[in-house]
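Peer 1: have a look at this prediction, sequence included:
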Amino acid sequence: MLRIDKEACIGCGLCEQNCAFGAITVVDGTARVGDNCTLCGTCVDNCEVGALSIEREQKEKGDFGDWSGVWVFAEFRHGRIAPVSFELLGIGRKLADKRGVKLAAVLLGNGLGDAPRKLVGYGADRVYVAEGPALAHFTDDVYGNVLADLVREHKPEIVLAGATAIGRSFIPRVATILGTGLTADCTDLDIRAEDGALLQTRPAFGGNIMATIVCPHTRPQMSTVRPMVMKPNGFDPSRQGEIIAVTPAPERLASRVKVLRSVAEKGEQVNLTEADVVVAGGRGLGDPKGFDLVRELADVLGGAVAASRAAVDSGWIPYPHQVGQTGKTVCPKLYITCGISGAIQHVVGMRSSDTIVAINKDPEAPIFDVATYGLVGDLFEILPKLIATMREKRA
Amino acid sequence: MSMKILVCIKQVPDAKDVRLDPVTNTMARDGVQSIMNPYDRHALEEAVRLKEAHGGSVTVLSMGPPQTEATLRDAISCGADEAVLVSDRAFAGADTWATTYTLAKAIEKVGGCDLILCGKQAIDGDTAQVGPGLAERLSLPYITCVRKVTGCEPGLIRVERLMDDGYDEVELPLPALLTVVKEINEPRIPSLKGKMRAKSAKIVTLTAEAIGADPAALGLKGSTTQVVRVFSPEARGAREMLTGTVDEQVAQLVVRLEKIL
């Protein structure tokens, strides 16, 4: 439970302000905690006089001696390796070198071609490959069975996967099968110097706070990692690595789920979460025709098209393009907003982009609070000029 | 065909009216309102629609502090038949591992069901781990990010799942668990009759002991992960407002874009 040192508490109210659950109130100059405290720890880190603490029972540290190595799940779908896999090999290589252990990738699928070699070129010392028709389509059952079995057999200390539709779907099952902790959607990973533990940092409350999380009592330590955050190493065709074919038992390849069809959407439906440049439109575009300007700018910049919830709810563009709290989270190099006011629900999905350009007619719009560059003016004047100039430059 | 459907619901802090303070980069909120997690509302709506189409019942289940009752009443006003609240001080500090344990024990206690629906994720934690973890605890097949139910017949359900590069249509046997995205439906506004019913409905409340939970597996103590530090994200670099005529603003922007593209 949350302990409040009544002697130390000065009743400043910082904890009350910072509690997202409204669980703390200052009464007569002392903080009091209510039933709805979730022990999230935000107040403890915010207290300037150290009056708050969370009481924990000390558990015996497990013996993790035989758990060694860093693993990366390499995602393969519709004939290609998802780029996040190379990013995972980039951060995985760093972690493995810090720990002085090997870096391995696990690759599941059918018709994998030279994909295993590629993973070696991007930094894997070893690639476990299971290939066959039962793995042609992703199912949580079979992918989970195969990965969990391999982890049990080889005992890696760390297992990373992309925080993609696939990773966020089946990795929680693997962690549950293995009875270990999983941290979702990490944006930073490091090794704690004193005990070699994996420090997993992720945004919470829509990115309003960051939390660093450890998995102290069980192994492996598992994380899904947000795409576009980690940097991949360059491809080195001469890199040497071991490729190990794995043959799962037939009963582990039987899925309760039958994939009837798997549809990759082409053209403007490019994978938003993998794009370097994203152009997003909102209510300010006025109508579906206004959205054509967003598409045109995205096209000129070779980027993907995104939208605020308002634009999606108006039926101007389908839901897969929605960025924000009830849509996707993206962090491209460049995010351009057109006619988006910047409600927190949208901002949480794009605020970690490297550069944010905001175009809006209202100089008071909250979108300018997160913008790197702001343009105040009429979209229908600015966008055509921007499109024409960029097209000229890029020709 | 009559289906017993269970919907897992979480009460979360509302993000509405929350604005980031651009200077300190912290939350500026005017009083904390609690709401039903928006994704869960879509899960509830889909459950009620399935019930209306095929017959059966909808039970909503939540783990949370006593005030979660308000959210469960909200669910009843939107068409749920029964509501169960699992509430105990021992649950505080639960990570997704301890949460799925608790929910699984509660589901065993209230009796099995044909279909469990969850929102894709909760907007406070954003982990998206409870649905899949719960399914595995109950040995159920599951599909995440469902955007459409394309067929439902005795013992079988067909759905479209949203993927990063398109979608998959899949079929799975019941009982099963699905997590849904908001594209799946437009949730209804509670009817007057629903609101009346919600007011007087009895909410079943279960403690840790009532669900037969192992105390060591609950809350902070039963969690596999531990938060070691909470901090504010790095403030974004300084903002630059471009000035001048439209032509001048565009010209300045192009110079800056060329440096990063």
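Peer 2: In hand now; what should we look at? Residues are numbered from 1 along each chain as shown, chains lettered A, B, ... in the order given.

Peer 1: just give me the neighbour total for A:Val101.
Peer 2: Residues contacting A:Val101 under the criterion other CB atoms under 10 Å in any protein chain shown number 18. Where C-beta positions appear, they are placed from N, C-alpha and C, glycine not excepted.

Peer 1: show me the contacts for it.
Peer 2: A:68-70, A:157 (CB atoms under 8 Å, 6 or more residues apart in numbering or on different chains).

Peer 1: cool, and A:Asp276?
Peer 2: Per CB under 8 Å, 6+ apart, neighbours of A:Asp276: A:302-303, A:332-334.

Peer 1: with secondary structure and pLDDT added, can I get the contacts of A:Val101 in TSV?
Peer 2: Output for these, formatted as TSV (DSSP: H, G, I helix; E, B strand; the rest coil; pLDDT from 0 to 100):
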residue	secondary structure	pLDDT
A:Ser68	coil	97
A:Gly69	coil	97
A:Val70	strand	98
A:Glu157	coil	98
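
Peer 1: of those, which is the nearest to chain B?
Peer 2: Closest approach between those and chain B, by CB to the nearest CB: A:Glu157, at 14.6 Å.

Peer 1: name the nearest residue to that closest one, ignoring sequence neighbours.
Peer 2: Excluding the flanking residues, the one nearest A:Glu157 by CB to CB, 6 or more residues apart in numbering or on different chains is A:Trp67, at 4.3 Å.

Peer 1: may I have the secondary structure class of the one you found?
Peer 2: For A:Trp67, the secondary-structure state derived from DSSP: H, G, I helix; E, B strand; the rest coil is coil.

Peer 1: repeat for the one 4 residues further on
Peer 2: Recorded secondary structure, A:Trp71: strand (three-state DSSP).

Peer 1: isn't it up against A:Leu160?
Peer 2: Yes: counting by CB atoms under 8 Å, A:Trp71 does reach A:Leu160; the two are 7.0 Å apart.

Peer 1: what is in contact with those two at once?
Peer 2: The overlap between the contact sets of A:Trp71 and A:Leu160 (CB under 8 Å, 6+ apart) consists of A:Gly92.

Peer 1: these two: which has the busier surroundings?
Peer 2: With neighbours defined as other CB under 10 Å, A:Trp71 and A:Leu160 compare such that A:Leu160 has more, 32 against 29.

Peer 1: and the closest residue to A:Arg219 other than its chain neighbours, what's its pLDDT?
Peer 2: Nearest residue to A:Arg219, sequence neighbours excluded (CB to CB, 6+ apart): A:Trp67, at 4.2 Å. Looking at A:Trp67, its pLDDT reads 95.

Peer 1: do I have it right that A:Trp67 meets A:Thr218?
Peer 2: No: if you go by CB under 8 Å, A:Trp67 and A:Thr218 don't touch, sitting 9.7 Å apart.

Peer 1: just to revisit the earlier point, residue contacts, the residue nearest to A:Glu157?
Peer 2: A:155-157, A:219-220.

Peer 1: same check on B:Glu248?
Peer 2: B:Leu242.

Peer 1: for A:Val44, see how far away the residue nearest to A:Asp5 when sequence neighbours are not counted is.
Peer 2: Spatial nearest neighbour of A:Asp5, chain neighbours left out: A:Ala51 (4.5 Å); criterion: CB to CB, 6+ apart. A:Ala51 sits 9 Å away from A:Val44, taking CB to CB, to the nearest Å as the criterion.

Peer 1: tell me the pLDDT of residue 246.
Peer 2: Using chain A here. For A:Val246, the pLDDT comes out at 97.

Peer 1: meant chain B, my bad for not saying
Peer 2: 93.

Peer 1: any idea how far A:His78 is from chain B?
Peer 2: 7 Å (CB to the nearest CB, to the nearest Å).

Peer 1: need phi/psi at that residue.
Peer 2: Note on A:His78: backbone dihedrals following degrees, to the nearest 10 are phi 50, psi 50.

Peer 1: ok, it touching A:Ser262?
Peer 2: Yes: counting by CB under 8 Å, A:His78 sits close enough to A:Ser262 to count as a contact (7.3 Å).

Peer 1: the more surrounded of those two?
Peer 2: Using other CB under 10 Å as the criterion, A:His78 and A:Ser262 rank with A:Ser262 on top: 18 against 12.

Peer 1: ends of stretch A:115-127, what's the gap?
Peer 2: One end of stretch A:115-127 sits 10 Å from the other (CA to CA, to the nearest Å).

Peer 1: ugh, wrong one, stretch A:317-325
Peer 2: Stretch A:317-325 end-to-end distance (CA to CA) = 17 Å.

Peer 1: before we move on, what about stretch A:153-169?
Peer 2: Stretch A:153-169 stretches 23 Å from its first residue to its last (CA to CA).

Peer 1: repeat that for stretch B:122-131.
Peer 2: Across stretch B:122-131, first to last residue, CA to CA, it's 10 Å.

Peer 1: contacts for that stretch?
Peer 2: By CB under 8 Å, 6+ apart, the surrounding residues in contact with stretch B:122-131 are A:20, A:168, A:172, A:175, A:182, A:184-185, A:203-206, A:325-326, B:8, B:10, B:12-13, B:15, B:37-40, B:96, B:99-100, B:103, B:118-121, B:142, B:144, B:177-179.

Peer 1: for B:Gly133, give me its contacts.
Peer 2: Going by CB under 8 Å, 6+ apart, B:Gly133 touches A:172-173, A:175-176, B:96-97, B:99-100.

Peer 1: JSON lines for those, including distance to A:Ala245 and pLDDT?
Peer 2: Compiled in JSON lines, the contacts of B:Gly133 are given as follows (distance: CB to CB, whole Å; pLDDT from 0 to 100):
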{"residue": "A:Pro172", "distance to A:Ala245": "27", "pLDDT": "98"}
{"residue": "A:Arg173", "distance to A:Ala245": "24", "pLDDT": "98"}
{"residue": "A:Ala175", "distance to A:Ala245": "26", "pLDDT": "98"}
{"residue": "A:Thr176", "distance to A:Ala245": "27", "pLDDT": "97"}
{"residue": "B:Thr96", "distance to A:Ala245": "34", "pLDDT": "95"}
{"residue": "B:Trp97", "distance to A:Ala245": "33", "pLDDT": "96"}
{"residue": "B:Thr99", "distance to A:Ala245": "38", "pLDDT": "97"}
{"residue": "B:Thr100", "distance to A:Ala245": "34", "pLDDT": "98"}
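
Peer 1: need the max-distance pair from these.
Peer 2: A:Arg173 and B:Thr99 (15.0 Å; CB to CB).

Peer 1: in what helix or strand does A:Asp236 lie?
Peer 2: Using DSSP states H and E, A:Asp236 sits within no helix or strand.

Peer 1: you'd agree it is up against A:Leu119?
Peer 2: No: under the criterion of CB under 8 Å, A:Asp236 makes no contact with A:Leu119, lying 11.8 Å away.

Peer 1: buried set for the helix or strand where B:Val228 lies?
Peer 2: Using DSSP H and E, B:Val228 falls within strand B:226-231. Under the neighbour-count criterion of 16 or more other CB atoms under 10 Å in any protein chain shown, strand B:226-231 has B:226-228, B:230 buried.

Peer 1: out of those, which are close to chain A?
Peer 2: The residues of those that also fall near chain A, by CB under 8 Å from any CB of the partner chain, are B:226-228, B:230.

Peer 1: B:Gln249: which of those is nearest?
Peer 2: Closest to B:Gln249 out of these is B:Val230 (39.4 Å), distances taken as CB to CB.

Peer 1: just give the closest residue to the closest one, not the sequence neighbours.
Peer 2: Leaving aside its sequence neighbours, B:Val230 sits nearest to A:Asp45 (CB to CB, 6+ apart; 4.3 Å).
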